[in-house]
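1. pasting a predicted model and its sequence here:
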Amino acid sequence: KAGVTQTPRYLIKTRGQQVTLSCSPISGHRSVSWYQQTPGQGLQFLFEYFSETQRNKGNFPGRFSGRQFSNSRSEMNVSTLELGDSALYLCASSLEWGNSPLHFGNGTRLTVT
Amino acid sequence: GESVGLHLPTLSVQEGDNSIINCAYSNSASDYFIWYKQESGKGPQFIIDIRSNMDKRQGQRVTVLLNKTVKHLSLQIAATQPGDSAVYFCAENDSGNTPLVFGKGTRLSVIA
(Lines give C-alpha, C1' and ligand atoms only; values in the text may rest on other atoms or scores of the structure.)
Protein backbone atom coordinates (compact mmCIF):
# COMPACT_ATOMS: atom_id res chain seq x y z
CA LYS A 1 0.00 0.00 0.00
CA ALA A 2 1.43 3.40 -0.95
CA GLY A 3 2.30 5.73 1.91
CA VAL A 4 1.37 9.36 2.42
CA THR A 5 2.51 11.44 -0.53
CA GLN A 6 3.32 15.12 -0.23
CA THR A 7 4.06 17.49 -3.08
CA PRO A 8 6.17 19.36 -3.76
CA ARG A 9 9.15 18.06 -1.83
CA TYR A 10 10.93 21.41 -1.77
CA LEU A 11 9.67 24.93 -2.30
CA ILE A 12 11.31 28.34 -2.24
CA LYS A 13 9.09 31.39 -1.98
CA THR A 14 9.53 35.09 -1.37
CA ARG A 15 8.12 36.97 1.57
CA GLY A 16 4.56 38.11 0.86
CA GLN A 17 3.78 35.33 -1.59
CA GLN A 18 1.34 32.54 -0.95
CA VAL A 19 1.84 28.78 -1.22
CA THR A 20 -0.29 25.65 -1.51
CA LEU A 21 0.95 22.27 -0.32
CA SER A 22 -0.68 19.01 -1.28
CA CYS A 23 -1.12 15.71 0.54
CA SER A 24 -2.47 12.36 -0.61
CA PRO A 25 -3.27 10.07 2.33
CA ILE A 26 -2.90 6.32 2.51
CA SER A 27 -5.73 4.65 0.62
CA GLY A 28 -8.69 4.14 2.93
CA HIS A 29 -7.56 6.72 5.48
CA ARG A 30 -10.14 9.42 6.04
CA SER A 31 -8.34 11.54 8.60
CA VAL A 32 -5.57 13.95 7.60
CA SER A 33 -3.47 16.09 9.92
CA TRP A 34 -0.88 18.76 9.20
CA TYR A 35 2.11 19.67 11.35
CA GLN A 36 4.82 22.29 11.10
CA GLN A 37 8.30 21.20 12.15
CA THR A 38 11.08 23.64 12.99
CA PRO A 39 14.32 23.15 14.93
CA GLY A 40 13.21 25.57 17.63
CA GLN A 41 9.59 24.55 18.14
CA GLY A 42 9.58 20.90 17.14
CA LEU A 43 6.35 19.47 15.74
CA GLN A 44 3.46 21.91 16.05
CA PHE A 45 -0.09 20.94 15.14
CA LEU A 46 -1.78 22.93 12.38
CA PHE A 47 -5.09 21.25 11.46
CA GLU A 48 -6.91 17.96 11.42
CA TYR A 49 -9.58 16.97 8.92
CA PHE A 50 -11.97 14.05 8.84
CA SER A 51 -14.45 13.46 6.04
CA GLU A 52 -13.91 16.98 4.69
CA THR A 53 -14.59 18.61 8.06
CA GLN A 54 -11.98 20.41 10.12
CA ARG A 55 -12.00 18.71 13.53
CA ASN A 56 -9.20 20.57 15.24
CA LYS A 57 -7.12 23.64 14.57
CA GLY A 58 -3.81 24.59 16.12
CA ASN A 59 -2.64 27.94 17.37
CA PHE A 60 -1.56 29.44 14.08
CA PRO A 61 -2.62 32.74 12.48
CA GLY A 62 -5.40 32.88 9.95
CA ARG A 63 -2.83 33.03 7.15
CA PHE A 64 -2.70 29.25 7.52
CA SER A 65 -5.67 27.42 6.09
CA GLY A 66 -6.48 23.99 4.82
CA ARG A 67 -9.13 21.83 3.30
CA GLN A 68 -9.91 18.21 2.58
CA PHE A 69 -11.56 16.89 -0.54
CA SER A 70 -14.10 14.11 -0.95
CA ASN A 71 -11.33 11.68 -1.95
CA SER A 72 -9.57 12.50 1.38
CA ARG A 73 -6.76 14.36 -0.32
CA SER A 74 -5.85 17.54 1.49
CA GLU A 75 -4.23 20.88 0.80
CA MET A 76 -2.91 23.58 3.05
CA ASN A 77 -2.37 27.16 2.08
CA VAL A 78 -0.21 29.84 3.61
CA SER A 79 -0.82 33.40 2.48
CA THR A 80 1.40 36.45 2.89
CA LEU A 81 4.44 34.37 3.68
CA GLU A 82 6.83 35.48 6.40
CA LEU A 83 10.44 34.45 6.95
CA GLY A 84 9.35 32.57 10.06
CA ASP A 85 7.14 30.29 7.99
CA SER A 86 10.24 28.50 6.73
CA ALA A 87 9.80 24.96 8.01
CA LEU A 88 9.14 21.35 7.15
CA TYR A 89 5.40 20.86 6.69
CA LEU A 90 4.29 17.34 7.44
CA CYS A 91 1.06 15.68 6.50
CA ALA A 92 -0.17 12.54 8.22
CA SER A 93 -3.14 10.28 7.71
CA SER A 94 -4.92 7.81 9.93
CA LEU A 95 -7.77 5.35 9.57
CA GLU A 96 -9.99 7.07 12.07
CA TRP A 97 -10.26 10.39 13.75
CA GLY A 98 -8.94 10.11 17.23
CA ASN A 99 -6.60 7.71 18.95
CA SER A 100 -5.09 5.79 16.08
CA PRO A 101 -1.54 6.17 14.78
CA LEU A 102 -0.70 8.94 12.38
CA HIS A 103 1.29 7.87 9.34
CA PHE A 104 3.46 10.68 8.05
CA GLY A 105 4.68 11.66 4.63
CA ASN A 106 8.21 12.94 4.12
CA GLY A 107 7.09 16.53 4.16
CA THR A 108 7.44 19.66 2.09
CA ARG A 109 10.47 21.78 2.92
CA LEU A 110 9.39 25.42 2.54
CA THR A 111 12.01 28.14 2.48
CA VAL A 112 10.88 31.76 2.54
CA THR A 113 13.44 34.35 1.47
CA GLY B 1 20.32 16.10 5.91
CA GLU B 2 17.77 18.13 7.78
CA SER B 3 18.21 19.12 11.36
CA VAL B 4 15.07 18.36 13.28
CA GLY B 5 16.41 19.83 16.49
CA LEU B 6 19.67 21.70 16.97
CA HIS B 7 19.74 21.28 20.74
CA LEU B 8 18.03 17.96 21.32
CA PRO B 9 19.05 15.73 24.20
CA THR B 10 21.36 13.09 22.80
CA LEU B 11 21.75 9.49 23.85
CA SER B 12 24.88 7.71 22.66
CA VAL B 13 24.79 3.93 22.80
CA GLN B 14 27.24 1.23 21.81
CA GLU B 15 26.04 -1.06 19.04
CA GLY B 16 24.49 -4.17 20.56
CA ASP B 17 23.59 -2.50 23.85
CA ASN B 18 20.04 -1.70 24.91
CA SER B 19 18.73 1.87 24.64
CA ILE B 20 16.20 3.56 26.86
CA ILE B 21 14.60 6.80 25.74
CA ASN B 22 12.44 8.64 28.22
CA CYS B 23 9.53 11.02 27.88
CA ALA B 24 7.55 12.96 30.46
CA TYR B 25 4.05 14.20 29.72
CA SER B 26 1.96 16.72 31.59
CA ASN B 27 -1.66 16.10 30.58
CA SER B 28 -3.20 13.72 33.10
CA ALA B 29 -6.13 13.21 30.72
CA SER B 30 -3.86 11.70 28.06
CA ASP B 31 -4.72 8.08 27.42
CA TYR B 32 -3.04 7.29 24.13
CA PHE B 33 0.72 7.40 23.58
CA ILE B 34 2.91 6.81 20.55
CA TRP B 35 6.60 6.64 19.78
CA TYR B 36 7.96 7.83 16.45
CA LYS B 37 11.37 7.58 14.82
CA GLN B 38 12.54 10.29 12.42
CA GLU B 39 15.55 9.84 10.20
CA SER B 40 17.20 12.69 8.37
CA GLY B 41 15.19 13.83 5.37
CA LYS B 42 12.15 11.73 6.26
CA GLY B 43 8.90 12.14 8.10
CA PRO B 44 8.30 10.55 11.51
CA GLN B 45 7.80 6.81 11.31
CA PHE B 46 5.38 5.04 13.67
CA ILE B 47 7.14 2.59 16.01
CA ILE B 48 4.69 1.49 18.69
CA ASP B 49 1.70 2.79 20.61
CA ILE B 50 0.12 2.07 23.97
CA ARG B 51 -3.19 2.93 25.59
CA SER B 52 -3.57 3.93 29.20
CA ASN B 53 -5.17 0.63 30.21
CA MET B 54 -1.77 -1.01 29.70
CA ASP B 55 1.58 -0.57 31.44
CA LYS B 56 3.75 -2.32 28.89
CA ARG B 57 3.64 -3.28 25.27
CA GLN B 58 6.21 -5.10 23.21
CA GLY B 59 7.03 -5.03 19.54
CA GLN B 60 9.92 -6.28 17.51
CA ARG B 61 13.02 -5.28 19.52
CA VAL B 62 11.07 -2.44 21.15
CA THR B 63 9.16 -2.16 24.40
CA VAL B 64 7.12 0.80 25.60
CA LEU B 65 6.52 1.30 29.31
CA LEU B 66 3.87 3.63 30.68
CA ASN B 67 3.82 4.91 34.25
CA LYS B 68 0.64 6.94 34.64
CA THR B 69 1.35 7.74 38.28
CA VAL B 70 4.36 9.87 37.42
CA LYS B 71 3.27 10.61 33.84
CA HIS B 72 6.29 8.96 32.31
CA LEU B 73 6.76 7.00 29.11
CA SER B 74 9.83 5.13 27.96
CA LEU B 75 10.96 3.32 24.83
CA GLN B 76 13.39 0.48 25.16
CA ILE B 77 15.29 -0.73 22.10
CA ALA B 78 17.01 -4.07 22.43
CA ALA B 79 20.35 -4.81 20.75
CA THR B 80 20.64 -1.34 19.28
CA GLN B 81 21.84 -1.22 15.68
CA PRO B 82 23.38 1.58 13.58
CA GLY B 83 20.09 1.80 11.68
CA ASP B 84 18.41 2.85 14.92
CA SER B 85 20.27 6.18 14.84
CA ALA B 86 17.57 8.82 14.52
CA VAL B 87 15.50 11.30 16.49
CA TYR B 88 12.79 9.71 18.61
CA PHE B 89 9.58 11.50 19.57
CA CYS B 90 6.87 10.59 22.01
CA ALA B 91 3.35 11.86 21.36
CA GLU B 92 0.10 11.79 23.33
CA ASN B 93 -3.55 12.69 23.19
CA ASP B 94 -6.74 12.09 25.15
CA SER B 95 -9.01 9.75 23.22
CA GLY B 96 -8.82 11.87 20.14
CA ASN B 97 -10.42 14.88 21.76
CA THR B 98 -7.19 16.71 21.14
CA PRO B 99 -4.64 16.26 18.39
CA LEU B 100 -1.44 14.36 19.02
CA VAL B 101 1.01 16.51 20.95
CA PHE B 102 4.66 15.75 20.33
CA GLY B 103 7.58 15.96 22.69
CA LYS B 104 10.77 17.76 21.71
CA GLY B 105 12.58 14.57 20.75
CA THR B 106 15.74 12.70 21.70
CA ARG B 107 18.58 12.04 19.30
CA LEU B 108 19.88 8.47 19.47
CA SER B 109 23.42 7.99 18.22
CA VAL B 110 24.67 4.42 17.85
CA ILE B 111 28.41 3.92 18.09
CA ALA B 112 29.64 1.05 15.95
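-> Everything's here; your move.

2. for the rest of this, base every contact and every neighbour count on C-alpha atoms.
-> Fine.

3. chain A versus B:Q58, what's the distance?
-> Separation of B:Q58 from chain A (Cα to the nearest Cα, to the nearest Å): 16 Å.

4. next up, the contacts around B:Y32.
-> The contact partners of B:Y32, by Cα atoms under 8 Å, 6 or more residues apart in numbering or on different chains, come to A:99, B:49-52, B:92-95.

5. that should have said B:T106, apologies.
-> B:8-11, B:21, B:87-89.

6. who's it bridged to?
-> Taking DSSP bridges, one finds B:Y88 as the beta-bridge partners of B:T106.

7. separation between it and chain A?
-> Using Cα to the nearest Cα, B:T106 is found at 11 Å from chain A.

8. who's A:N77 bridged to?
-> Legend: beta-bridge partners of A:N77 under DSSP bridges are A:T20, A:S65.

9. neighbours around it, how many?
-> 14 (other Cα atoms under 10 Å in any protein chain shown).

10. go ahead and confirm it touches A:L21.
-> Yes - with contact defined as Cα atoms under 8 Å, A:N77 counts as touching A:L21 (6.4 Å).

11. need the residues of chain B near chain A, please.
-> B:3-6, B:32, B:34, B:41-46, B:49, B:93-105 (Cα under 8 Å from any Cα of the partner chain).

12. and the residues you listed, which are buried?
-> By neighbour count, with 16 or more other Cα atoms under 10 Å in any protein chain shown, these hold B:4-5, B:32, B:34, B:43-46, B:49, B:93-96, B:98-105 as buried.

13. so which of those sit within strands?
-> If you go by DSSP state E, these have B:32, B:34, B:45-46, B:49, B:93, B:101-102 in strands.

14. any chance of those residues in a markdown table with distance to A:F60 and pLDDT as columns?
-> Output for those, formatted as a markdown table (distance: Cα to Cα, whole Å; pLDDT from 0 to 100):
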| residue | distance to A:F60 | pLDDT |
| --- | --- | --- |
| B:Y32 | 24 | 93 |
| B:I34 | 24 | 96 |
| B:Q45 | 25 | 97 |
| B:F46 | 25 | 96 |
| B:D49 | 28 | 95 |
| B:N93 | 19 | 90 |
| B:V101 | 15 | 92 |
| B:F102 | 16 | 94 |
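
15. closest to A:Y10 among these?
-> Nearest to A:Y10 out of those is B:Q45 (Cα to Cα; 19.9 Å).

16. if I look at the closest one, how far off is A:I12?
-> 26 Å (Cα to Cα, to the nearest Å).

17. and if you look at A:E75?
-> 18 Å.

18. who's more crowded, the two?
-> More crowded of A:E75 and A:I12, by other Cα under 10 Å: A:E75, with 20 against 12.

19. for that one, give me its contacts.
-> A:20-23, A:66-68.

20. most surrounded residue in those residues?
-> Tallying neighbours with other Cα under 10 Å puts A:C23 at the head of the contacts of A:E75, with 26 neighbours.

21. make sure it is indeed in a helix.
-> No - counting by DSSP: H, G, I helix; E, B strand; the rest coil, one finds A:C23 to be strand, located in no helix.

22. quick one: it and A:G3 touch, right?
-> No - in this structure, A:C23 is not within contact of A:G3 by Cα under 8 Å, at 10.6 Å.

23. find residues that contact each of these two.
-> Joint contacts of A:C23 and A:G3 (Cα under 8 Å, 6+ apart) do not exist.
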